[in-house]
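Asker: What shape does this take:
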Amino acid sequence: QVQLVESGGGMVQAGGSLRVSCAASGRTFSGYVMGWFRQAPGAEREFVAAVGWSISTTYYTDSVKGRFTISRDNAKNTVYLQMNSLKAEDTAVYYCAAAPMSRGVVLTTARMYDYWGQGTQVTVSS
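Answerer: From the prediction side, this is the model:
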């Protein structure tokens, strides 16, 4: 089992920045691909970014490329999502998720992940 707890959400004006974090506990953190998803009201949960064991292996959805950066600190069992140049359409509940490394890194659908956090709200005002 892996337990995930997100933090760092909040409200920010458009163009601003925010960093959300996800602390993991349980099984060996470094053995998991970590992903961030988001879900806006009335919408399906969508993939945002994923990172393999090393921060040199990352993948992003097109709408956040160049604005968001995913990273991880294996010593702290934590994954981060730095969000810059935020837009109103980035407003959503952000979830972190974990999947076994054996499934690969480019894991862009929710069903590929085994463990989920409770989510943290990010609101961008225009």
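Asker: C-alpha from now on. contacts and neighbour counts both.
Answerer: OK.
Asker: what about the closest residue to Met34 other than its chain neighbours, how many neighbours?
Answerer: Computed as C-alpha to C-alpha, 6 or more residues apart in numbering, the closest residue to Met34 that is not its neighbour in sequence is Ala98, at 4.7 Å. Other residues near Ala98 come to 25 when the count uses other C-alpha atoms under 10 Å.
Asker: check which helix or strand covers Ala98.
Answerer: Element membership for Ala98 (DSSP states H and E) is strand 92-100.
Asker: Contacts for that strand next, please.
Answerer: Here strand 92-100 makes contact (C-alpha atoms under 8 Å, 6 or more residues apart in numbering) with 2, 4, 6, 22, 31-41, 112-123.
Asker: Direction included, what does that strand pair against?
Answerer: Within its sheet, strand 92-100 is paired with strand 32-39 (antiparallel), strand 115-116 (antiparallel), strand 120-125 (antiparallel), according to DSSP bridges.
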